[in-house]
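J.: 3D model of this:
(2 chains)
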Amino acid sequence: MISAIKGAKDILPAESGKWRRLEAAVRERFRRANYGEIRTPVFEETALFKRGVGESADIVRKEMYAFEDMSGTSIALKPEMTAPVVRAYVEHKLGKSQPLVKAYYLAPMFRQERPQAGRQRQFHQFGSEALGSDAAALDVETIQLAYDLLRDLGLTKLDVKINSLGKPADRAKFVGELRAYLRDREDALSEDSRRRLDVNALRVLDSKDERDQQALDGAPKLADFLDEESRDRFAEVCETLDAVGVPYLVEERLVRGLDYYTETTFEIQSPSVGSQSALCGGGRYDNLVELLGGDPTPGVGFAAGIERILLALENENVAEEKTDKIDAYIVSLEKNPRVAYPVAVELRRAGFVAEFDYLGRSVKAQMREANRLEAERVIFLGGEEAERGEVSVKNMSGGEQTTLPRESLVNHLRETRSA
RNA sequence: GUGAGCGUAGCUCAGGUGGUUAGAGCGCCAGGUUGUGGCCCUGGAGGCCGUGGGUUCAAGUCCCAUCGUUCACCCCA
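T.: Now for the predicted structure:
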């Protein structure tokens, strides 16, 4: 038996409804804020991610699904969406025809990690990228859009954490001093953090290891290295978040794993999922467009993990409304699919959701099926009514049943259709 | 990549110290109602006990390997 690739999951008909509802909510929110949908290919040149996301990020260092195509070009399934969006922005010179581009996406991503709760190898993200403005209001809009959406989906336990990474030069200065500080007490660090010291010293900050957090007491603070401009704009971000009623926590040790972030970064976490608690993460990336060959253009965006959101909704017992109901189930007393099928076609062509039995099952079984499908009504075909050219229609919630001429069935259903 | 747990019916799981034809609940099918659901009752179908090897008179049960899966680390959505 061949099964799905490790870490890739089927979304079966029974569960795709909640995906469609979530996706519809996402599209609606972005529409209201005037974001246009962007769709990019599932694969890109591997070089795009190496350059855009950064060689030190794990997602490009060891987690990419990369392969060579027939021409020998290295291709990678996209592990994240910011680099592709920026690539498309530069390639199509979108900035030339309008100064500000606001785009959203909803797409599968691929990372070759060991699966666990809230983590898959193929997973789905939605998110936004806004290119062309360095306004703090745009940072806030990004955070607020993500936060409101999660709230509206029904999640109540959300922690918004924000921080500022400042400008690359300031951050580099800080990382230098942090590394020096930690080198002096390398013995006190966890093994992982000693490795991080070389690869990406910033990551020691958000280590889960007690020893690391202790060693960090008295370490240099990133905030002290920000220039005045960065400090002012971060203050403005905080004030504006207050103004639109988004609760947040300034988390000095919040660093993000992707190299392109500058200034504002944020994460929205949920205690309702496993240890992979980040439902959403994002921030500003003011140098990325230039890095990928465009004119210097500021940008800001976020990405949210759909599987994690669904997991959080499930764990918080958020009820989902059932929408895939049946208008009419056609029961054939003759137990012959041939009899019911033309009636189903007639109803379907008239716009109703109609179903019948294809298996020649007993009337009782057909009724059970109608009940299982939560059919609003059942239409009985055959018997005495058929001899008189009539059919019977039963309302499944109340149980009342009426008999009427076969020709007036569609009209009757239309007239008595419930809202 | 590292560590730990778990693989028995479609699903969720029982199966002390190895010992006859491997069980339950739910689901599915049929009947109880010559043509009517939800509740109830009766019956039925459905199992290379993940795979391979080993120990033993005897393995679902013990040992080894392997694959899969889950959770955690790492990393991140």
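
J.: residue ranges for the helices of the stretch 251-400 of chain A, please.
T.: A:288-291, A:306-315, A:337-349, A:363-372, A:383-387 (DSSP state H, counting those that start in this stretch).

J.: So which bits of the second one are buried?
T.: Applying a neighbour-count criterion of 16 or more other C-beta atoms under 10 Å, one finds A:306-313 buried in helix A:306-315. Heads up, the C-betas are built off the backbone N, CA and C, glycines and all.

J.: right, and the helices of the stretch 251-400 of chain A - which one's nearest residue A:277?
T.: Nearest to residue A:277 among the helices of the stretch 251-400 of chain A is helix A:306-315 (8.2 Å), distances taken as C-beta to C-beta.

J.: Which neighbouring elements make contact with that closest one?
T.: helix A:13-32, strand A:122-131, strand A:278-284 (3 or more C-beta pairs under 8 Å, 6 or more residues apart in numbering; DSSP states H and E).

J.: quick one: residue A:249 and residue A:163 touch, right?
T.: No - in this structure, residue A:249 is not within contact of residue A:163 by C-beta atoms under 8 Å, at 9.6 Å.

J.: And those two? Which one has more around it.
T.: More neighbours surround residue A:163 than the other of residue A:249 and residue A:163, with 25 against 11 (other C-beta atoms under 10 Å).

J.: That one is in contact with residue A:252, isn't it?
T.: Yes - with contact defined as C-beta under 8 Å, residue A:163 counts as touching residue A:252 (6.3 Å).

J.: what's near enough to touch the residue in chain A that RNA strand B sits nearest to?
T.: RNA strand B sits closest to residue A:257 of chain A, with a gap of 1.3 Å, by C-beta to the nearest atom of the strand. Residue A:257 makes contact with A:57-59, A:200, A:203, according to C-beta atoms under 8 Å, 6 or more residues apart in numbering.

J.: try residue A:288
T.: Taking C-beta under 8 Å, 6+ apart as the criterion, residue A:288 is in contact with A:52, A:82-83, A:86, A:260, A:299.

J.: change it to 7 Å
T.: Applying C-beta atoms under 7 Å, 6 or more residues apart in numbering to residue A:288 gives the contacts A:52, A:86, A:260, A:299.

J.: Likewise for residue A:413?
T.: Contacts of residue A:413 by C-beta under 7 Å, 6+ apart are A:328, A:352.

J.: did I read that right, it in a helix?
T.: Yes - note on residue A:413: a helix contains this position according to DSSP: H, G, I helix; E, B strand; the rest coil.

J.: So what does residue A:33 have for phi and psi?
T.: Per-residue torsions, residue A:33: phi -90, psi 10 (degrees, to the nearest 10).
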